[in-house]
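I'll drop the sequence and a predicted model, then ask my questions.
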Amino acid sequence: MVEYLTLILSSMIGVVVVTAALMLVKKEDYAWIPAILLLLPDLYTNINYVIYPILVDVVIIGNILSLKVLESSQYRGLDYALMSIIGLVTSYVLYTPISTGAVNLAVYFGFLLGLFMVVSVASYFIIQIGARPENLDAAVKAIVAFVIATVLFFTGSVILLSSYIIGASSLPLFILGYTLVLLGVMLEIGAAPMHIWVPDVFTAGDPIPVSILASTVKIMPLMVLVKLMAPVLANLGEAYVSFAYWLTAIMAALSMIIGNVGALTSRESARVLAYSSIANMGYVLAAAAVLINESALGKGQQASQVLIYALAGLITQLLVNAAGKIGYFTIIKGGGKGSVYSYLFGLSFIGTPPLLGFWSKLFIILSLIYLGPAGLWLAIFLVANSVISIPYYIRVSRELSARAPLGITLYTVLLMSIIMLLGVIIPIPAMVVSLSRGLLSYIA
């Protein structure tokens, strides 16, 4: 644990130092090389965990390649470094074991909050990359949303931590704290009804920074939510757990339906993808609701299987969302040249077997079904929303399939296509489920 933290911090410092040196000698165009190389030390971990940093690194490399599609950037060099730092932080937050005890938990809460703020601050710069006067308003709107999200998350975390440490937890206080934390995370990832900034920013912003906000930036806040609540709910009664589960599940359902209906009624490709992102965050929140409900599941093989499927579904759906959004927005930046790749992304988002999007939704649905009536309604809702999404994904895929992309655009889109095709290799989903069992020791 300490060795891994030292490794991550060393890599982050190395990225900053090397990037700064390259910028001083006016060689910032080459900063993508150390950004990728110094990202890879996060793979130095045990075999029960290594698949997750691998998946995170592939997505980050896709983001870095997509940044090279931009002809110019006022943050050239810094943009590559920020992506590497986000990748290292994301891998580490997955790996961090949960601490127990009042003092350890206070440090743990502060640590998670710090990681949350690192990604938020990085997002401030990312959304401004390539910003022109006509889309500067969208960048400002996103930055304001991230600032408010951080404030909500911080305030809610302090309330939860304070009540936990002093042993004065009351249901009203817990309701306030958890609601603020959840709303902060939802605002950060753009889940409905906290999605107000998403459609305008995705439509007006440059496709490349938008693809980053729609992909990698969403992973860490959701994992922080799950890992933050695990030690708190483990020591509270059924009423507390029930409230956290039902609030999260209801928000998941709202995000699904608002996202899918918004996408169906939108015409511009970027706006459709904005609402698609909102819907996808609903699917992920459904898996998070199951993991938050962990302490109510009891013990036994069935309870363990529920958590394994929920975790596998949450991480896999985040990966599918990231790969698809990077692919789609890179195609948009390249002038709508996607050929067959755009259909591959659309079919995976719909959940067509055996693409990776099918497995991610299957894992989430299975975890919800295992919950019984409390989860069955949400599983049915998820399936219905997947069916609703078919027309707009087909429409967007057709609009973005003019001809095959070229150059760095092709390499980026091809890498994201390979991620979607991992589901075709049956042992890959089985491995995700198996390794989720090992990672659960850090979460539940």
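Cool, got the structure. As the structure is a computational prediction, the values presented were derived from the model and not from experiment.

Every contact and neighbour count from this point should use C-alpha atoms.
Noted.

so where's the stretch 101-250 of the chain shaky on pLDDT?
When residues are selected by pLDDT under 70, those of the stretch 101-250 of the chain lie in 101-106, 130-136, 163-169.

go with 80
By pLDDT under 80, the low-scoring segments of the stretch 101-250 of the chain are 101-117, 120-121, 123-140, 161-169, 205, 230-237.

Helices along that one, start to end?
Using DSSP state H, counting those that start in this stretch, the helices found in the stretch 101-250 of the chain span residues 102-126, 136-165, 171-189, 198-204, 207-213, 219-233, 238-264.

mind checking how far the first one is from the chain centre?
The one in question is helix 102-126. 16 Å (C-alpha atoms, centre = their mean, to the nearest Å).

To P405, which of the helices of the stretch 101-250 of the chain lies closest?
Ranking the helices of the stretch 101-250 of the chain by proximity to P405 (C-alpha to C-alpha) places helix 207-213 first, at 15.3 Å.

which helices and strands sit right next to the closest one?
For helix 207-213, the packing partners by 3 or more C-alpha pairs under 8 Å, 6 or more residues apart in numbering; DSSP states H and E come out as helix 51-69, helix 102-126, helix 301-333.

Let's see that helix as CSV, backbone CA atoms only.
C-alpha atoms of helix 207-213 as CSV (Å, rounded to 0.1, in the frame of the first residue of the first chain):
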residue,chain,number,x,y,z
PRO,A,207,-15.0,17.8,-29.2
ILE,A,208,-11.6,16.7,-27.8
PRO,A,209,-11.8,18.2,-24.3
VAL,A,210,-15.4,17.3,-24.2
SER,A,211,-14.5,13.6,-24.9
ILE,A,212,-12.2,13.7,-21.9
LEU,A,213,-15.0,15.2,-19.6
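
what sits up against it?
In this structure, residues lying in contact with helix 207-213 by C-alpha atoms under 8 Å, 6 or more residues apart in numbering are 63, 66-67, 69-70, 123, 126-130, 201-202, 325-326, 329-330, 332-333.

Make JSON lines out of the helices of the stretch 101-250 of the chain and add mean neighbour count and distance to K337.
Listed next are those as JSON lines, based on neighbours: other C-alpha atoms under 10 Å; distance: least, C-alpha to C-alpha, whole Å:
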{"stretch": "helix 102-126", "mean neighbour count": "18", "distance to K337": "24"}
{"stretch": "helix 136-165", "mean neighbour count": "20", "distance to K337": "25"}
{"stretch": "helix 171-189", "mean neighbour count": "22", "distance to K337": "28"}
{"stretch": "helix 198-204", "mean neighbour count": "23", "distance to K337": "18"}
{"stretch": "helix 207-213", "mean neighbour count": "27", "distance to K337": "14"}
{"stretch": "helix 219-233", "mean neighbour count": "22", "distance to K337": "28"}
{"stretch": "helix 238-264", "mean neighbour count": "22", "distance to K337": "21"}
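
can I get those in TSV with distance to M23?
Output for those, formatted as TSV (distance: least, C-alpha to C-alpha, whole Å):
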stretch	distance to M23
helix 102-126	17
helix 136-165	25
helix 171-189	30
helix 198-204	29
helix 207-213	21
helix 219-233	28
helix 238-264	41
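
Same list, the helices and strands packed on helix 207-213, but as CSV with distance to P373 please.
Formatted as CSV, these follow (distance: least, C-alpha to C-alpha, whole Å):
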stretch, distance to P373
helix 51-69, 31
helix 102-126, 33
helix 301-333, 14
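
Out of the ones you listed, which is closest to G423?
Closest to G423 of those, according to C-alpha to C-alpha: helix 301-333, at 10.2 Å.

so which of the helices and strands packed on helix 207-213 comes closest to I250?
Ranked by C-alpha to C-alpha, the member of those that lies closest to I250 is helix 301-333, at 16.7 Å.

now the angle from the closest one to helix 51-69?
10 degrees (axes from the mean of the first three to the mean of the last three C-alpha atoms, to 10 degrees).

helices and strands around helix 301-333, which ones?
Counting contacts by 3+ C-alpha pairs under 8 Å, 6+ apart, helix 301-333 is packed against helix 51-69, helix 207-213, helix 269-292, helix 340-350, helix 356-370, helix 407-421, helix 427-439.

buried residues in that helix?
Of the residues in helix 301-333, 303-333 count as buried by neighbour count, 16 or more other C-alpha atoms under 10 Å.

just stretch 277-293 next, same as before
With burial defined by 16+ other C-alpha under 10 Å, the residues of stretch 277-293 counted as buried are 277-293.

one step back: what would the helices and strands packed on helix 301-333 look like in a markdown table with distance to E3?
A markdown table is the format used below for the helices and strands packed on helix 301-333 (distance: least, C-alpha to C-alpha, whole Å):
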| stretch | distance to E3 |
| --- | --- |
| helix 51-69 | 16 |
| helix 207-213 | 29 |
| helix 269-292 | 28 |
| helix 340-350 | 38 |
| helix 356-370 | 32 |
| helix 407-421 | 30 |
| helix 427-439 | 18 |
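
Just tell me which of the ones you listed ends up closest to L176.
Within the helices and strands packed on helix 301-333, the stretch nearest L176 is helix 269-292; the backing value is 16.5 Å (C-alpha to C-alpha).

Report all helices and strands that the closest one contacts.
Using 3+ C-alpha pairs under 8 Å, 6+ apart as the contact criterion, the elements in contact with helix 269-292 are helix 198-204, helix 219-233, helix 238-264, helix 301-333, helix 356-370, helix 390-399.
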